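Asker: Any chance you can model this:
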Amino acid sequence: MKDPAWIETVSQTDWEKDPLLNPLLDQVKDKESGLVDHIMAVHSINPRGLEAHNALYSSAMTGTASLRKVERELIAFVVSLENHCHY
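Answerer: Below you'll find the model as predicted:
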């Protein structure tokens, strides 16, 4: 098995001290666990990129009335499986 990629991130405990990350914390952390998903945490060294990724994700998951949220989640799940993404 190949080693997973390693990307430097800011520790979630340090987000609260960072004036650019702090306002984004509540927007990107998982509502159930209170943790930031890895897919979002990789942007922590570039808060503008994090904000853009979150805006794109939010738009994709809520931007259309033709699909219910559960259907959008299922599509994201299948795409992740096809991409071998353990997400």
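Asker: ok, and for the helix or strand where A55 lies, which residues are buried?
Answerer: In this assignment (DSSP states H and E), A55 forms part of helix 47-62. Residues of helix 47-62 classed as buried: P47, L50, E51, H53 (neighbour count, 16 or more other CB atoms under 10 Å). All C-beta atoms are positioned from the backbone trio N, CA, C, and that covers glycine.
Asker: contacting residues around it?
Answerer: Residues external to helix 47-62 that are found in contact with it (CB atoms under 8 Å, 6 or more residues apart in numbering): 18, 20-21, 24, 27-28, 40, 43-44, 69, 72-73, 76.
Asker: Tell me the gap between it and the middle of its chain.
Answerer: 8 Å (CA atoms, centre = their mean, to the nearest Å).
Asker: What angle do helix 47-62 and whatever helix or strand comes next after that helix make with each other?
Answerer: Per DSSP H and E, the first helix or strand lying C-terminal to helix 47-62 is helix 69-82. Computed by axes from the mean of the first three to the mean of the last three CA atoms, to 10 degrees, the angle separating helix 69-82 from helix 47-62 equals 120 degrees.
Asker: name the helices or strands packed onto helix 69-82?
Answerer: helix 47-62 (3 or more CB pairs under 8 Å, 6 or more residues apart in numbering; DSSP states H and E).
Asker: Mind checking the pLDDT average for the helix it packs on?
Answerer: Averaging pLDDT along helix 47-62 yields 90.
Asker: tell me, what residue is most central in this protein?
Answerer: In the chain, the centroid-proximal residue (CA atoms, centre = their mean) is M40; its distance is 3.3 Å.
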